[in-house]
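Chemist: Predicted structure and sequence below. I'll ask about it afterward.
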Amino acid sequence: MNKHFKLNVLAAAVAATSLFASATALSAEYDVQAIDASDVTASAGQAKYDMEEGKFASVGSNNTSIEVFDLETNQKTVIADNGASKSNVGMSGGVAFWTEGVVVGHDTSGVLIADQLYKFENGSVTQITDDQFSKKGFTYDNGQATWFQNEEAASGRFGKANLYVYDGTDVAQASDDADTVTKFDNNYKSIKMDNGQVVYSAGNAIYLWDGFANTKITPDTYNAEFADIDNGVVVFSAQIDGQEDEQVYKYENGTIEAVTSEVLGYTGFYKHSIESTQIDGGVISWEIYDRQFQRSELFVSENGVTTQIDTDMAYGDAVLSNGNVYWKNGAAQVGSTVMSYVDGEVSEVYATGMVTGLDASGGDVMLFDNTSGIQTWHLASEAPEAEETTVINLGSEHAHTYIYLDKPVTIVVDQWSGWSWTPGNIGIGISTTDGSELHGLEVRDSDGNVYNLNTWWDSVTRPFYWEPVTLTIPAQHRAIRVEWWAAG
């Protein structure tokens, strides 16, 4: 049904420089690094970029190239820089997908353009589609792709469509009703793919393609949309005939059950709505959208327990990955702060003035900061858990304390009860007991100052304020002796 061929002169050009600027820790949970991706764009929304664990793909700033970033090796690959306009970018199963707009004719409405699907795999570019049909809703999973295709060719309008699936080798038509009128939300989220199964909205119904057959899974009384699928479980939002409010529903093994029982309110004349229903890693998320103020409340459901995790998020921007949720806090689709919900806890990932792009995979978050017109991509990664630190009180003045540094140690001086005078400083002396000099042994005070100690014995002096004095020493598998004294 489809032609497959390799294009010539499309060898990858690998950047020689590192992608990362110096790391900056903006919270206790995430390390954030600027990415050398100034020549890629996020201005046109999610269709221009995508992330898969360890890799990130984006359209170049001129919209005519695809750039793939390997976040583990710090390398950038430029592909398909051929002057054709690019969109619908996806990273899936190590494969980069995108579409190129091709002029296929003209009518009274102007130029007619059909998007053709391409992929970059194992160093080669392959064109997947070659036809006259308009397409929308491209979604990718595990090296496969799916989309809606207009059955009226490039007619200049999009409405009557069928579902098509690319299984990594061939393209197949997966729906059989050419009169289906397909619904799209603003981000074309009415089609989702997981493990070769596809769920999508058509008319007011939800359909499921299981790889062999296409089945309508919602009754005629449901006005349903925002479907998603994970391991064969489908979620969607719907308003049932005769009921006032939308709810979130789950479809599993042929049975539909309600996830919510909301009573949706109003802001002015605008009724709130449930939108952007998602499922991944067994966690369900959705938004209750306030149309007047263009902001949402964000909810998750896990193991039957519903939790509200934000009251003022940017509408339609939540990303659900491996059971974790990432979103922009702030109205009108431009968030001031990027947040995360991981293991039941809400954390700040990144604080800035204008985040316009966001994606996440494998615990990593890519975000596009456009503050003051300065466009910068950042990679936020979960910071490693801090190594357990042992706290040791040094006891009375001049007492000797022997310590083996097999783990980080914080030493504390606070035994001055009964003193009748006020010293100016506290001295802490450290000597080696393992037959080797200190050789720059690093210690850090409570203000963040770092001292490198040398020879067989060295000391640190800290001002005295009638408060505990602390020093932290990292693990070094060394044996030391420590004592303290009051001075001046």
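Modeler: Sure, I can see it.
Chemist: burial count for residue 434?
Modeler: Using other CB atoms under 10 Å, residue 434 has 11 neighbouring residues. To be clear about C-beta, it is placed using only N, CA and C from the backbone, and glycine gets the same treatment.
Chemist: Run a quick check on it versus residue 481, I expect a contact.
Modeler: No. If you go by CB atoms under 8 Å, residue 434 and residue 481 don't touch, sitting 10.1 Å apart.
Chemist: counting contacts, what elements does the lengthiest strand in the chain pack onto?
Modeler: Criterion DSSP state E: the longest strand present in the chain is strand 345-361. Packed against strand 345-361, as judged by 3 or more CB pairs under 8 Å, 6 or more residues apart in numbering; DSSP states H and E, are the following elements: strand 30-35, strand 49-52, strand 319-321, strand 324-329, strand 335-342, strand 364-369, strand 376-382.
Chemist: Now find how far off-centre the first one is within its chain.
Modeler: Per CA atoms, centre = their mean, to the nearest Å, the displacement of strand 30-35 from the mean C-alpha position of its chain is 13 Å.
Chemist: What of the second one?
Modeler: Counting by CA atoms, centre = their mean, strand 49-52 is centred 9 Å from the centre of its parent chain.
Chemist: ok, now the third one?
Modeler: Once both centres are worked out by CA atoms, centre = their mean, strand 319-321 turns out to sit 6 Å from its chain's centre.
Chemist: ditto for stretch 129-138
Modeler: Relative to its parent chain, stretch 129-138 has a centroid offset of 28 Å by CA atoms, centre = their mean.
Chemist: buried residues in that stretch?
Modeler: Within stretch 129-138, the residues that count as buried by 16 or more other CB atoms under 10 Å are 129, 131, 133, 134, 135, 136, 137, 138.
Chemist: pLDDT weak spots in the protein?
Modeler: 1-28, 36-47, 106-111, 151-160, 177-189, 330-335, 352-353, 372-374, 385-386 (pLDDT under 70).
Chemist: how does it divide into domains?
Modeler: 5-382, 390-487 (automatic domain parsing).
Chemist: Most tightly packed of the ones you listed?
Modeler: domain 5-382 (a mean of 18; mean count of other CB atoms under 10 Å).
Chemist: hmm, back to that, among the buried residues of stretch 129-138, which lie within strands?
Modeler: Those of these mapping onto strands are 135, 136, 137, 138, per DSSP E.
Chemist: okay, those residues in TSV with distance to residue 371 next?
Modeler: Listed next are these as TSV, based on distance: CB to CB, whole Å:
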residue	distance to residue 371
135	35
136	32
137	32
138	30
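Chemist: Going by distance to residue 197, which of the residues you listed wins?
Modeler: Set against residue 197, the nearest of those by CB to CB is residue 137 (15.6 Å).
Chemist: Do a quick rundown of the strands in the stretch 51-200 of the chain.
Modeler: 55-59, 66-70, 75-79, 86-92, 95-107, 110-121, 124-127, 135-141, 144-150, 161-166, 171-173, 191-194, 197-202 (DSSP state E, counting those that start in this stretch).
Chemist: And for the last one, what's in contact with it?
Modeler: It stands for strand 197-202. 137, 139, 146, 148, 163, 165, 174-175, 177, 180-183, 190-192, 206-211, 224-229, 232, 234, 236 (CB atoms under 8 Å, 6 or more residues apart in numbering).
Chemist: make it 7 Å
Modeler: Residues outside strand 197-202 that contact it (CB atoms under 7 Å, 6 or more residues apart in numbering) are 146, 163, 165, 174, 180, 182-183, 190-192, 206-211, 224-225, 227-229, 232, 234.
Chemist: Give me the angle between that strand and strand 161-166.
Modeler: Calculated by axes from the mean of the first three to the mean of the last three CA atoms, to 10 degrees, strand 197-202 forms an angle of 160 degrees with strand 161-166.
Chemist: Return strand 197-202 as PDB; C-alpha atoms alone will do.
Modeler: Output in PDB follows, covering the C-alpha atoms of strand 197-202 (Å, rounded to 0.1, in the frame of the first residue of the first chain):
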ATOM      1  CA  GLN A 197      -2.900  -0.200  19.900                       C
ATOM      2  CA  VAL A 198      -4.500   3.100  18.900                       C
ATOM      3  CA  VAL A 199      -7.400   4.900  20.600                       C
ATOM      4  CA  TYR A 200      -9.000   8.000  19.000                       C
ATOM      5  CA  SER A 201     -12.000  10.300  19.000                       C
ATOM      6  CA  ALA A 202     -14.400  10.300  16.000                       C
END
